[in-house]
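**Student:** Pasting a predicted model and its sequence here:
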Amino acid sequence: MDSVTVEGRAAAELLARKTSLAQTATDALYADMPELTTRYGAVGRERCLEDIRYTIDHLIPAIDLTQPSMFTAYVGWLDDLLRARNVSTREVIRSLELIEQAVRNELAPDEANVVASFLRAGLDSLGAVRREG
Amino acid sequence: MTVAAEANPAEHYAAYLGAIRSGDRRRAFQIIDEARDAGLDLAAIYLGVFQPALREIGSLWQNNELTVAEEHLATAITQAAMARAYERAFTWRTDGSRKLIAACADVERHEVGLRMLCDLLDLEGWHTTYLGAAVPIDSLVAMVRRLRPDVVALSAALSPHLPRLRAMIAAIRDALGDTRPLIMVGGRPFLDDPSLAERLGADLTAQNATDAVRLLGERVSRAR
Ligand code: B12
């Protein structure tokens, strides 16, 4: 990872803080959507934490290589996978928004802005999927 | 390595997919034997039958139409069927000079695509050293230093593994400098964007095993 560019720094920070960011976003998602606990139980929460970690795993190389399409392709894949398991696009969208919130709380503003722009690209791509049906 | 004019992998593909979906190993072997008898060569069976079948297995898993256990079974059968098809195509012919070491990124578990590349190169007379999934960087560098191959082929299937691939490439460049081998990369992220190869520090990439064999044939025979 290139430590000179803001992308390089943002990717390195995401890698270093992956565990705490994923935990924060998962806690926020469950606070935000209490029905998830009844619907998926404790196992569901573990899975959710795993999925959010996996999302951050995919965010890192996309930012590091400044390749938003790498992240949007992942988001499309995740949404297909989860919808096939009765998890709605709404939950995926909310999780991306809450990752952004966690990142804004933990990272320097310039780094957080970069991460947010990639998350937004992912959100936009889901919007497009929903409009098309 | 061309497909015989009449032989069409598509019908064998459909039958093969059915066999591995239902976990029927004998049936899968039988279909591959039939494909060979119908005139498909190893490259056509690898790229026309196994590759699309495994990708379809992946989509079925993604769509929740197949369990992880069923996917593992389908993959295991395919690895066995590949070994069997390779055995039938094998010849002792070798040019003994062109050498390649193949390894997956140190966190990468998808190894079938790289195996295909090695098997097809073997049939072209190359001496290939296939290390498979999840190869630690230091041990790869030590082996490259010892064997001095013409080419190192590296594979990654998931974008989160790309930074590790870049670290592998950098380690080979650092260790061997001007005497380093050609570095070729491939796998799913490069299908979407071949320009990634150069950005990670590699010399070459290809979209599939057959293209890679052709490209290496041009590049390496010319260089020596
Ligand atoms: C079998 C399989 C597995 C097996 C692999 C077993 C093994 N021994 O290889 C196992 C069970 C281990 C596995 C695990 C996982 N998998 Co998986 N897996 C697959 C599957 C079904 C087939 C892979 C395959 O062999 N394809 C066929 C080969 C021939 O194609 P290929 O790899 O593209 O290779 C060709 C070219 O790319 C190129 N090439 C490849 N390497 C190289 C190298 C060079 C130098 C060159 C020139 C060319 C080249 O040539 C090859 C031949 O033509 C794919 C589906 C798919 N679309 O591929 C999913 C898939 C790749 N897996 C997927 C996932 C999510 C995972 C896991 C994360 C699941 C999990 N939660 O645990 C883990 C990750 C493990 C890890 N750390 O690597 C997803 C990835 C989605 C994404 N995020 O992008 C896929 C796409 C399934 C899907 N549709 O959702 N998996």
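**Tutor:** Noted; the coordinates are in hand. Numbering: from 1, shown residues only, chains lettered A, B, ... in the order given.
**Student:** hey, what's B:A103 bridged with?
**Tutor:** Taking DSSP bridges, one finds B:L154 as the beta-bridge partners of B:A103.
**Student:** gap between it and the ligand?
**Tutor:** According to C-beta to the nearest ligand atom, to the nearest Å, B:A103 and the ligand sit 9 Å apart. The C-beta positions use only the backbone N, C-alpha and C, and glycine is treated the same way.
**Student:** interface residues of chain B facing the ligand?
**Tutor:** Taking C-beta under 6 Å from any ligand atom, the part of chain B that reaches the ligand is made up of B:47, B:51, B:54-55, B:57-59, B:62, B:71-72, B:75, B:107-114, B:116-117, B:153-155, B:157-158, B:184-188, B:191, B:205-206, B:208-209, B:212.
**Student:** again but with chain A, I slipped
**Tutor:** So chain A meets the ligand at A:74, A:77 (C-beta under 6 Å from any ligand atom).
**Student:** And the helices in chain A?
**Tutor:** All helices of chain A, identified by DSSP state H, fall at A:6-16, A:18-32, A:35-64, A:68-83, A:89-106, A:109-131.
**Student:** Alpha carbons of the first one, as CSV, please.
**Tutor:** Pointing back at helix A:6-16 there. These are the backbone C-alpha positions of helix A:6-16, laid out as CSV (Å, rounded to 0.1, in the frame of the first residue of the first chain):
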residue,chain,number,x,y,z
VAL,A,6,-4.6,9.5,0.6
GLU,A,7,-6.0,6.3,-1.0
GLY,A,8,-3.0,4.4,0.2
ARG,A,9,-3.4,5.8,3.7
ALA,A,10,-7.1,5.1,3.7
ALA,A,11,-6.6,1.5,2.6
ALA,A,12,-4.0,1.0,5.3
GLU,A,13,-6.2,2.4,8.0
LEU,A,14,-9.1,0.2,6.9
LEU,A,15,-6.9,-2.8,7.2
ALA,A,16,-5.6,-1.8,10.6
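**Student:** returning to that earlier point: any chance of TSV for the helices of chain A, columns mean neighbour count and mean pLDDT?
**Tutor:** Below are these laid out as TSV (neighbours: other C-beta atoms under 10 Å in any protein chain shown; pLDDT from 0 to 100):
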stretch	mean neighbour count	mean pLDDT
helix A:6-16	19	96
helix A:18-32	17	94
helix A:35-64	17	93
helix A:68-83	19	96
helix A:89-106	19	95
helix A:109-131	17	89
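**Student:** Would you map the strands across chain B?
**Tutor:** Here chain B has its strands, by DSSP state E, at B:99-104, B:127-130, B:151-155, B:182-186, B:204-205.
**Student:** Tell me which of those strands sits most buried.
**Tutor:** Mean neighbour count, computed with mean count of other C-beta atoms under 10 Å in any protein chain shown, is highest for strand B:151-155 among the strands of chain B, reaching a mean of 27.
**Student:** and it, what does it pack onto?
**Tutor:** strand B:99-104, helix B:112-123, helix B:162-176, strand B:182-186, helix B:209-223 (3 or more C-beta pairs under 8 Å, 6 or more residues apart in numbering or on different chains; DSSP states H and E).
**Student:** ok now the shortest one, how far from the chain's centre?
**Tutor:** Relative to its parent chain, strand B:182-186 has a centroid offset of 12 Å by C-alpha atoms, centre = their mean, to the nearest Å.
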